[in-house]
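J.: Just a sequence and a predicted model for now, questions to come.
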Amino acid sequence: MNIIYIIVFTLMAVGIIFSMIRFVKGSRSGDRALALDTLSIIITAAMVLLAHVFERYIYIDVALIYAVLGFVGVIVIARYIEGAL
């Protein structure tokens, strides 16, 4: 079962790398906001997986809080880009 964790974490790392590339090279601010949202989702999933690996389920609570804050952050960025703030 350890090989599955290695594969999943590797795929998450590849996703983080691609999201960072999109964040840095994004031609518009919408692309950068989408890359930031993708990073937030991947990091939340990584926290949940780490909670399962280490059997420390308090990390799931941290992941939930991070997900809510990430969602609110993306909404604020979207409103700012739209010009409503």
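T.: Everything's here; your move.

J.: Find the centremost residue of the protein, please.
T.: Ranked by distance to the mean C-alpha position of the chain (Cα atoms, centre = their mean), the top residue is Ser40 at 2.0 Å.

J.: Now do the contacts for that residue.
T.: Shown here is Ser40, whose contacts under the criterion Cβ atoms under 8 Å, 6 or more residues apart in numbering are 66-67, 70-71, 73-74. For every residue, glycine as well, the C-beta is placed using N, CA and C.

J.: secondary structure element for it?
T.: Under the criterion of DSSP states H and E, Ser40 resides in helix 29-54.

J.: relative to helix 29-54, how tilted is the helix or strand that that helix is followed by?
T.: Later in the chain than helix 29-54, the nearest helix or strand by DSSP H and E is helix 58-82. Note on geometry: by axes from the mean of the first three to the mean of the last three Cα atoms, to 10 degrees, helix 58-82 and helix 29-54 are set 180 degrees apart in direction.

J.: In this structure Ile81 contacts Ala33, no?
T.: Yes: here Ile81 reaches Ala33: they are 6.5 Å apart, a contact under Cβ atoms under 8 Å.

J.: Tell me which of these two has more neighbours.
T.: Between Ile81 and Ala33, counted using other Cβ atoms under 10 Å, Ala33 has the larger neighbour count: 19 against 14.

J.: tell me the pLDDT at that one?
T.: What the model reports for Ala33 is a pLDDT of 90.

J.: So it versus Val8, what's the distance?
T.: Here the criterion is Cβ to Cβ, to the nearest Å. By it, Ala33 lies 26 Å from Val8.

J.: Same question for Gly73.
T.: Here the criterion is Cβ to Cβ. By it, Gly73 lies 25 Å from Val8.

J.: Repeat that for Gly70.
T.: Distance from Gly70 to Val8, by Cβ to Cβ: 20 Å.

J.: returning to what we had before: out of the contacts of Ser40, which is nearest to Phe23?
T.: Within these, the smallest distance to Phe23 is 12.9 Å, found for Val74 (Cβ to Cβ).

J.: Next, the contact list for the closest one, please.
T.: Counting by Cβ under 8 Å, 6+ apart, Val74 touches 33, 36-37, 40.

J.: got TSV for those residues, with distance to Val48 too?
T.: Supplementary listing: the contacts of Val74 in TSV, determined by distance: Cβ to Cβ, whole Å:
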residue	distance to Val48
Ala33	23
Leu36	19
Asp37	17
Ser40	13
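
J.: Done for today, thanks.
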